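Asks: this one's structure only:
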């Protein structure tokens, strides 16, 4: 069964083409189209929008060693924001 036949048989697959659209916009430029990546347990593929956001942050910020104990450390601030986000996702606090 080819993909078109599969989609006709299972129209609910792929959220009406949304998955294919995301793949085309976010991943097609980085990964060969003749391969399928299945090992998402260890790590997953990074998307174009993730790369764009990260490169923007690197281009527009001076990140320093977070252990240098500077109060205005952008690196330390980003780490703290990330930690707070993770704690809020799991509805917990940083207390042990």
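Replies: Yep, that arrived. Computed from a predicted structure; not experimentally measured.

Asks: wait, what's in contact with the closest residue to residue 46 other than its chain neighbours?
Replies: Excluding the flanking residues, the one nearest residue 46 by CB to CB, 6 or more residues apart in numbering is residue 30, at 7.6 Å. C-betas here are computed from N, CA, C, even on glycine. Taking CB atoms under 8 Å, 6 or more residues apart in numbering, we find residue 30 in contact with 45-46, 48.

Asks: Run a quick neighbour tally on residue 77.
Replies: 12 (other CB atoms under 10 Å).

Asks: mind listing the strands for the chain?
Replies: Per DSSP state E, the chain carries no strands over any range.

Asks: Could you chop it up by domain?
Replies: Per automatic domain parsing, the domain ranges recorded for the chain read 1-32+46-60, 64-96.

Asks: Mind putting the ones you listed into CSV with mean pLDDT?
Replies: Listed next are these as CSV, based on pLDDT from 0 to 100:
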stretch, mean pLDDT
domain 1-32+46-60, 88
domain 64-96, 85
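
Asks: hang on, the earlier thing: for the contacts of residue 30, which one is nearest residue 66?
Replies: Residue 66 has its nearest neighbour among these in residue 46, at 22.4 Å by CB to CB.

Asks: Now residue 25. Nearest residue, chain neighbours left out?
Replies: Residue 25 sits nearest to residue 48 (CB to CB, 6+ apart), 6.9 Å away.

Asks: For the residue nearest to residue 46, give its distance to residue 17.
Replies: 21 Å (CB to CB, to the nearest Å).

Asks: Likewise for residue 50?
Replies: Taken as CB to CB, the span from residue 50 to residue 17 is 22 Å.
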